[in-house]
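Student: Provided below are the primary sequence and the corresponding predicted coordinates.
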Amino acid sequence: MKVLMKPIDVIATYPRDGLPIPHRYRIADTDGSTQVIKVDRILYRTEEKLAGNRMLIYRCQSIIAGSRRVYELKYELSTCRWFLFKM
Amino acid sequence: MAGKRKIIFHIDVNSAYLSWEAVDRLQHGASLDIRTIPAVIGGNPEKRHGIVLAKSIPAKKYQIKTGETLYAARLKCPDLAIFPPRYDLYIRCSEAMLELLREYSPHIQRYSIDEVFLDYTHMEEHFGDPIEAAHQIKDRIHGELGFTVNIGISTNKLLAKMASDFSKPNKVHTLFPAEVPEKLWPLPVEELFMVGRATAPKLHRFGIYTIGDLARADPDLLKKRLKSHGLLIWNYANGREDSPVGDLPGIKSVGNSSTIAFDVEDRKTAHMFLLSLSEMVGMRLRNAGYLAQLVAVSLKTKDFFSYSHQRKLYTATDATNQIYGAAASLFDEMWQGEPLRAIGVRAGALVDGSLQQLSLFDPGNAWKERAMDAAVDKIRNKYGSNMIMRAVFLHSGIRPLTGGVWEEDYPMMSSIL
């Protein structure tokens, strides 16, 4: 997997007793076109606080262009922003 | 339990500002770790704040030193990468480290933004052998927070601090009293805490070159020549120091200074900078709850010549106007008209601010002034520091408040253990 750290638009649920769950995200390509990807499975979630900055990391799996891909999404708590971290 | 020997840790972040910047960049997707290339954290040369604040270990190999100008550093290494300082990031990193350390002991002292003392006495029962615990702390900071630290272990703060400086990065060192002759005494005397640029040449004149020489020197002679400071460093050289780990009894003085983007050549502009600095000093004094009995002004000319004057006040104050008044009159007494590149205002001889002795002879109404300062502080804290300013600063291009480190006052450096 390669580090991308691309900001993404996300549809997520924020359950009353837990941490956010991403369902779908939209990623912009360099040519301006966008692609919407459905999160098929969240394999596991970890948390990091590097440099004191809390981020949630979701290892996820989706079917993209016909093949199964594993990748990581990151959620930065201090800014409430989502990133496609690695793919 | 009484009489048990103390165990003190000194935790020191390796190249703090630079490491923190590196970790933040990596977390946000950077592919390059700036700790692995010649890199420095430095101010903005256009505003003439261009000095090296922190350097990477590869930068050190080019003989780049903290405090030198970015220009000089670039001459030594043309490919040097320079990053601006980000104090909000440093405070966040420092807080995160403190939070982790609090798990290990209730007695913790933040010595500066990147140095912490931790009293490990009696904690063996919970976390085991001190050396193993120190390794665990060091590794956890590295793993969880992403940066490396050195930990010095000893029986007092001085020796722990000396130990953490031995070899870097990411190491644990001990310096127990029995190890002092072997590990501390061979070092050059200027490595000792509190022996600086002024003291070292004096010691050299007495034939004292290593810390061991100082430890074996005659304390009477040192006291005669260097006054109480001589005895202090003699005790330090022998590893004697016993201050408790805890927050400092209080701050000694509050000061702000600023290097100005242009040379100041007229009295009126200089007075505006003094007022702007006095606003910050006054606000910090009031926030900390102190009154000052002393005001000092320091100037640096464009040729880097520095001088300062100070004056005792008749009554202790925290009023911006009073501080400014004293600063302005000090300035008028000392300034010879040479172009200035930096101006500083400091308030010292602090006393508790909950009671205030009023003077019959002060002009104006001290209580009214206090109320006004309080109102201005309130507005600034609630809506931002630029929401209210003195009219003199309108269209002047000079900021109505000058001086950094406002959010929370962390000492960047200190000489009190």
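Tutor: Nice, I can see it.
Student: ok, B:R140 - contacts?
Tutor: B:L100 (CB atoms under 8 Å, 6 or more residues apart in numbering or on different chains). Where C-beta positions appear, they are placed from N, C-alpha and C, glycine not excepted.
Student: assumed it was part of a helix.
Tutor: Yes - assessed by DSSP: H, G, I helix; E, B strand; the rest coil, B:R140 belongs to a helix.
Student: how much space between it and chain A?
Tutor: 11 Å (CB to the nearest CB, to the nearest Å).
Student: ok, B:D266 next?
Tutor: In terms of CB to the nearest CB, B:D266 sits 44 Å off from chain A.
Student: can you tell me the element the most centrally placed residue in chain A falls in?
Tutor: A centroid search over chain A (CA atoms, centre = their mean) returns A:L73, at 2.4 Å, as the residue closest to the centre. Taking DSSP states H and E as the criterion, A:L73 maps to strand A:67-76.
Student: so which residues on chain A come close to chain B?
Tutor: A:3-5, A:48-53, A:55, A:83, A:85 (CB under 8 Å from any CB of the partner chain).
Student: ok, those residues vs B:F166, which is closest?
Tutor: Closest approach to B:F166 among the residues of chain A next to chain B (CB to CB): A:A51, at 25.7 Å.
Student: can you give me the pLDDT of residue 81?
Tutor: Assuming you mean chain A. For A:R81, the model assigns a pLDDT of 95.
Student: oops, chain B please
Tutor: The model's pLDDT for B:A81 equals 91.
Student: give me every residue that touches it.
Tutor: B:34, B:37-40.
Student: in chain A, which residue sits nearest chain B?
Tutor: Nearest residue of chain A to chain B: A:M5, at 2.3 Å (CB to the nearest CB).
Student: who's the closest spatial neighbour of that residue, skipping the chain neighbours?
Tutor: The shortest distance from A:M5 to any non-neighbouring residue, by CB to CB, 6 or more residues apart in numbering or on different chains, is to B:G29 (2.3 Å).
Student: so which strand or helix has that neighbour?
Tutor: Applying DSSP H and E, one finds B:G29 in no helix or strand.
Student: parallel or antiparallel, which strands does the strand or helix carrying A:R24 pair with?
Tutor: Per DSSP H and E, A:R24 falls inside strand A:21-28. On the basis of DSSP bridges, the sheet neighbours of strand A:21-28 come out as strand A:3-13 (antiparallel), strand A:34-38 (antiparallel).
Student: and the shortest one, which residues are buried?
Tutor: Translated: strand A:34-38. A:I37 (16 or more other CB atoms under 10 Å in any protein chain shown).
Student: chain center to that strand, what's the gap?
Tutor: Relative to the centre of its chain, strand A:34-38 is centred 12 Å away, using CA atoms, centre = their mean, to the nearest Å.
Student: could I get the average pLDDT for that strand?
Tutor: If you average the pLDDT values across strand A:34-38, you get 93.
Student: low-scoring stretches of chain A, by residue?
Tutor: Scanning chain A for pLDDT under 70 picks out no residues.
Student: give me the phi and psi for the residue located most distally from the centre of chain A.
Tutor: The centre of chain A is farthest from one residue, A:D31, which by CA atoms, centre = their mean lies 21.1 Å away. As for A:D31, its main-chain torsions (degrees, to the nearest 10) stand at phi -80, psi 0.
Student: distance of it from B:H229?
Tutor: 69 Å (CB to CB, to the nearest Å).
Student: also B:M97?
Tutor: 32 Å.
Student: those two: which has the busier surroundings?
Tutor: Neighbours were counted for B:M97 and for B:H229 using other CB atoms under 10 Å in any protein chain shown; B:M97 has more, 26 against 16.
Student: ok, now which ones touch the residue nearest to A:M5?
Tutor: Applying CB under 8 Å, 6+ apart, the residues near B:G29 are A:3-5, A:83, A:85.
Student: can you check B:L80 too?
Tutor: Counting by CB under 8 Å, 6+ apart, B:L80 has contacts B:38-40, B:59, B:62, B:64, B:73-74.
Student: and the closest residue to B:I388 other than its chain neighbours, backbone torsions?
Tutor: Once flanking residues are discounted, B:I388 sits nearest to B:I379: 4.9 Å by CB to CB, 6+ apart. Main-chain dihedrals, B:I379, degrees, to the nearest 10: phi -60, psi -40.
Student: count of neighbours near A:V70?
Tutor: 13.
Student: residue contacts, residue 20?
Tutor: All of this is about chain A. A:12-14, A:56, A:75.
Student: actually chain B
Tutor: A:51, B:13, B:89-90, B:93, B:147.
Student: got it, and B:L358?
Tutor: Contacts of B:L358 (CB under 8 Å, 6+ apart): B:315, B:366-367.
Student: ok, 10 Å please
Tutor: B:315, B:365-367 (CB atoms under 10 Å, 6 or more residues apart in numbering or on different chains).
Student: of those residues, which is the most crowded?
Tutor: B:A366 leads these on contacts (other CB under 10 Å) with 18 neighbours.
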